[in-house]
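Engineer: sequence plus predicted model, see below.
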Amino acid sequence: MPYALLSFIFILLAVIVAWFNRRWGVACFSISLALIALVFLHHITDHLQIYL
Amino acid sequence: MSERRKINNFVKCASGLEVLAVCLLLTAAFWFQFVMHELPCPLCILQRQGILAIASGFLLNMRYHVRPSHYSLSLLAATLTSFIALRQIALHVTTPQGYGSAFLGLHMYTWVYILCSVSIIYIAIVIGYSKQFELHAYKDEVSEARDPRIRMFSHIAFVLLVFLIAANIFSIFFECGLEQCPDNPVRYLVYGRL
């Protein structure tokens, strides 16, 4: 599973959740930022190997 | 019209315009992808995600009471996206032709870096306008624009954002399938298998 696809799906989830519930939306956006940062770290270094 | 209502209408309208600006950026990325046939690389996909995350704070301000924490989310997203763009600039800075086509002499990843820097400065200025904040209001309460036209505009901006994210998901699925995206994509992996 491509990590980029997973994190994009999470962003879509965050946008929809944020429209209906502010707190959960903020939480989902924060998690999606962390996911983007993790995927970025996986791509640029050899120190974070993500296997699913 | 009271001053409070004028400020509310102005800030909600501005938030909607900010979300639309993000949608415009993503539409430009799709133009490069489908018209210029330049498929996004993994770093390009990450930059698209980062740009979408910048819209998060503006989306929350559009829907709920305006709060500084919403702007903070967008600031963090803009900072992260600028790092990703800077990484791509550094990878291609010694290559004369760069990566992908250029617009007004600069490649897309350079434009993303510039736009992220501009958005950081913009948010820093906007966050200083303290009259827009409704810190004493119930923060989880839906608080859309009172003007029905601005309310309709913000709903359209939300629908457009959701549509563009969904389109990106389909695009990445067709490009990469259920595998890790190639570093230098030249064709749609799933489309070729159909």
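Structural biologist: Received it, and whenever you're ready, just let me know what you need. All figures in this text were calculated on a predicted structure; none of them were measured in a lab.

Engineer: hey, let's count contacts and neighbours off CA atoms from now on
Structural biologist: OK.

Engineer: so who does residue B:11 touch?
Structural biologist: When contacts are counted by C-alpha atoms under 8 Å, 6 or more residues apart in numbering or on different chains, residue B:11 is found next to B:62, B:132.

Engineer: helix or strand: which one has it?
Structural biologist: Residue B:11 is part of helix B:3-34, with elements assigned from DSSP states H and E.

Engineer: for that helix, give the mean pLDDT please.
Structural biologist: Helix B:3-34 shows a mean pLDDT of 93 in the predicted model.

Engineer: what of stretch B:48-56?
Structural biologist: Here the average pLDDT along stretch B:48-56 is 95.

Engineer: swap in stretch A:37-52?
Structural biologist: Taken as a whole, stretch A:37-52 has an average pLDDT of 75.

Engineer: and what of stretch B:69-81?
Structural biologist: The average of the pLDDT scores along stretch B:69-81 is 96.

Engineer: so which residues on chain B come close to chain A?
Structural biologist: Remark: the part of chain B in contact with chain A comprises B:42-43, B:45-46, B:49-50, B:52-53, B:56, B:59-60, B:63-64, B:73, B:77, B:80, B:84, B:140, B:162, B:165-166, B:168-169, B:172-173, B:176-181, using C-alpha under 8 Å from any C-alpha of the partner chain.

Engineer: how about the contacts made by residue B:184?
Structural biologist: Contacts of residue B:184 were listed using C-alpha under 8 Å, 6+ apart, and they are residue B:41.

Engineer: what helix or strand is it located in?
Structural biologist: For residue B:184, there is no helix or strand it lies in under DSSP H and E.

Engineer: among the residues of chain B next to chain A, the buried ones, what's the PyMOL command?
Structural biologist: The buried subset of the residues of chain B next to chain A, as determined by 16 or more other C-alpha atoms under 10 Å in any protein chain shown, is captured in PyMOL by this line:
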select buried, chain B and resi 42+43+45+46+49+50+52+53+56+59+60+63+64+73+77+80+84+162+165+166+168+169+172+173+176+177+178+181
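
Engineer: helix/strand/coil for residue B:39?
Structural biologist: coil (DSSP: H, G, I helix; E, B strand; the rest coil).

Engineer: so where's the longest helix in chain A?
Structural biologist: helix A:22-44 (DSSP state H).

Engineer: how about that helix and chain B, any contact?
Structural biologist: Yes: where contact is defined by C-alpha under 8 Å from any C-alpha, part of helix A:22-44 touches chain B, namely A:22, A:23, A:29, A:30, A:32, A:33, A:36, A:37, A:40.
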